[in-house]
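1. Predicted model and sequence below, questions to follow.
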Amino acid sequence: MTVESKEPLEGAPLIKPSSTDHPLYDSVVEACRTVYDPEIPVNIYDLGLVYTIEISPENEVSILMTLTAPGCPVAGEMPGWVADAVEPLPGVKQVDVQLTWEPQWGMEMMSDEARLELGFM
């Protein structure tokens, strides 16, 4: 009998890498930058809320994201806003947006632009 560990492999990233080399990647990022957290005047991508953008060879886009806090009042709506921003892009076949709370979002995940915008730099 073997026991499988649910612990991440040592050295494995907490956040799965994105499909940065896919031709649609940059336009998906720009679409994510059009979505804003209603309580913070910075887009969700620069806030660091988008963890992974995975794009299949068939142009199916899968986005893993989080929110600034589990009690966020738009928790049920934000994934739909992201899907609505990405789906109309030319070439995108399908969009799936999932929320995760692991790893927990922290201010260190914000881009320099977001820190500057919010007065943290």
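-> Looks like it came in fine.
2. Distance of the residue most central in space within the chain relative to Gly119?
-> Of all residues in the chain, the one closest to the mean position by C-alpha atoms, centre = their mean is Val50, 1.6 Å from it. Shown here: Val50 relative to Gly119, a distance of 22 Å by C-beta to C-beta, to the nearest Å. (C-beta placed from N, C-alpha, C; glycine too.)
3. And Thr66, by the same measure?
-> Using C-beta to C-beta, Thr66 is found at 23 Å from Gly119.
4. what does Gly48 give?
-> Computed with C-beta to C-beta, the distance linking Gly48 and Gly119 is 17 Å.
5. Who has more neighbours out of these two?
-> Of the pair Gly48 and Gly119, Gly48 is the one with more neighbours under other C-beta atoms under 10 Å, namely 20 against 6.
6. Show me what the least confident helix or strand in the chain by mean pLDDT is packed up against.
-> Using mean pLDDT, DSSP states H and E, the weakest-scoring helix or strand in the chain turns out to be helix 112-117, at a mean of 89. Judged by 3 or more C-beta pairs under 8 Å, 6 or more residues apart in numbering; DSSP states H and E, the packing partners of helix 112-117 are helix 44-47.
7. Give the burial count for Met107, as a bare number.
-> Neighbour number of Met107 under other C-beta under 10 Å is 12.
8. roughly how far apart are it and Ile40?
-> The value you get for Met107 to Ile40, if C-beta to C-beta is used, is 11 Å.
9. Please apply the same query to Glu58.
-> For Glu58, the distance to Ile40 under the criterion C-beta to C-beta works out to 34 Å.
10. swap in Thr100?
-> Going from Thr100 to Ile40 by C-beta to C-beta gives 19 Å.
11. Please apply the same query to Ser111.
-> In this view, Ser111 and Ile40 are 13 Å apart by C-beta to C-beta.
12. Can you tell me what sits against stretch 91-105?
-> Contacts to stretch 91-105, defined as C-beta atoms under 8 Å, 6 or more residues apart in numbering, come from residues 14-15, 23-24, 28, 48-49, 51, 58-70, 75, 78-80, 82-83, 86-87.
13. My read is that Pro79 contacts Leu67, right?
-> No - under the criterion of C-beta atoms under 8 Å, Pro79 is not in contact with Leu67, lying 9.5 Å apart.
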